[in-house]
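Q: sequence-free structure coming up:
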């Protein structure tokens, strides 16, 4: 009997190195337990000459089709989540959406932009359901207009469309319970973000570095991350350096040249850029900070350091993302005011052994709670419900190609 044919549609390729691609790869792995998976990545923003151009690659045994999209016109542009029949026709030139037994939309956008066939069940991994712009960091009319347009899309267009067919008949994954509660009418479940785990066996090395250092890692061109770094450097870091003059602040992640130059001018800051070896980078830090004041989701960057043996200092916004999933109250230090946040940093920098013990406690708790068996069990339930009663076509194109 042929295995079900499953299509994952996304607008950020799982082949990317961004943190969001990690969740996509986990989702692909979980879906592959149920059928033959293919990925369609819609690359918006392509030049007009490249519109409709496709490339193919492999993620293990999974075929990844990348379709270039020139964002011309209101419907085809990614800013607003309204259906584009033109985009759907372009997709259908390369991928027969009717030839799948299940379509999974990674992010809400693909499910909104494409006129998906009514007879094929759909699961939507919503993501960023409650995005909050970094209001205090916005500069210039362009950024303010962009922020308001995103809010208009998220809180008007998307929420209005979710009340209409066929969206009400789909299953939705949310990253946290707070997001799910905003959409009580939707069939949904909480599918938590899992921190990337290093490719090693056994627990991490909790040994503190020889000199005091704090670390932030993330996509530094992402405005909420930029806002977090600016707030920390402007309001917290001077307090830390006053008490621990030799402390360093390590900034890891891709950043534009102007941002990197601006941060590198701050005393005690090392701008590392994109790093290939996370283990070596985390080994240089006493603790990892996640001072987010805006954004959405569960800030998976808050738990990744634990798998490299480093404790976490975060804002309450970050900790709230894991409420109901894992208790972090006594193992992740939280504060929202500069003085309190600085005191947590100073405390760990001056007492690296306490930092190591806190990291050990937090690692053990998260390691036992947020793992792939939990993630896949939630996906299993949704997929089984979606496929129940749907006959699998033994002549499926995807099944034939995988054979």
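A: Arrived safely. Predicted model only: the values in this text are computed from it and were never measured. Residues are numbered from 1 along each chain as shown.

Q: quick check: which ranges of the stretch 251-400 of the chain have low pLDDT?
A: In the predicted model, the stretch 251-400 of the chain carries pLDDT under 70 at residues 296-298, 389-400.

Q: where along it do the strands fall?
A: Applying DSSP state E, counting those that start in this stretch to the stretch 251-400 of the chain gives strands spanning 269-273, 287-290, 312-314, 333-334.

Q: in CSV, list those strands along with mean neighbour count and distance to residue 171.
A: To be clear about C-beta, it is placed using only N, CA and C from the backbone, and glycine gets the same treatment. Listed next are the strands of the stretch 251-400 of the chain as CSV, based on neighbours: other CB atoms under 10 Å; distance: least, CB to CB, whole Å:
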stretch, mean neighbour count, distance to residue 171
strand 269-273, 15, 40
strand 287-290, 27, 30
strand 312-314, 27, 31
strand 333-334, 21, 33
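
Q: ok, which of these comes nearest residue 40?
A: strand 269-273 (31.2 Å; CB to CB).

Q: could you chop the protein up by domain?
A: Domain assignment for the chain by automatic domain parsing gives 5-194+371-397, 213-369.

Q: and the strands in the stretch 51-200 of the chain, which stretches?
A: Counting by DSSP E, counting those that start in this stretch, one finds strands in the stretch 51-200 of the chain at the ranges 54-59, 62-69, 102-106, 122-125, 171-174, 187-190.

Q: could you identify which of those is most buried?
A: strand 102-106 (a mean of 26; mean count of other CB atoms under 10 Å).

Q: skipping its backbone neighbours, what lies nearest residue 48 in space?
A: Nearest in space to residue 48, with sequence neighbours left out and distances taken as CB to CB, 6 or more residues apart in numbering, is residue 70 at 4.8 Å.

Q: for residue 385, same thing?
A: The nearest residue in space to residue 385 (CB to CB, 6+ apart) is residue 171, at 6.8 Å.

Q: do I have it right that the one you found meets residue 123?
A: Yes - using CB atoms under 8 Å as the test, residue 171 is close enough to residue 123 to be in contact (4.9 Å).

Q: shared neighbours, those two?
A: Common contacts of residue 171 and residue 123 (CB atoms under 8 Å, 6 or more residues apart in numbering): 382, 386.

Q: what's the longest helix in the chain?
A: helix 352-369 (DSSP state H).

Q: what is that one packed up against?
A: Judged by 3 or more CB pairs under 8 Å, 6 or more residues apart in numbering; DSSP states H and E, the packing partners of helix 352-369 are helix 338-350.

Q: flag every buried residue along the helix it packs on.
A: The neighbour-count check on helix 338-350 (16 or more other CB atoms under 10 Å) flags 338, 341, 342, 343, 344, 345, 346, 347, 348, 349 as buried.

Q: for the residues you listed, give me a markdown table that also has distance to residue 380.
A: Conversion of the buried residues of helix 338-350 to a markdown table gives the following (distance: CB to CB, whole Å):
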| residue | distance to residue 380 |
| --- | --- |
| 338 | 45 |
| 341 | 40 |
| 342 | 45 |
| 343 | 44 |
| 344 | 39 |
| 345 | 41 |
| 346 | 46 |
| 347 | 43 |
| 348 | 39 |
| 349 | 44 |
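
Q: now, which of these sits nearest residue 91?
A: residue 341 (46.3 Å).

Q: ok, the closest one touching residue 313?
A: Yes - using CB under 8 Å, residue 341 is in contact with residue 313, at 6.8 Å.

Q: need the overlap of contacts for the two.
A: If you check residue 341 and residue 313 against CB under 8 Å, 6+ apart, the residues they both contact are 289, 291, 335.
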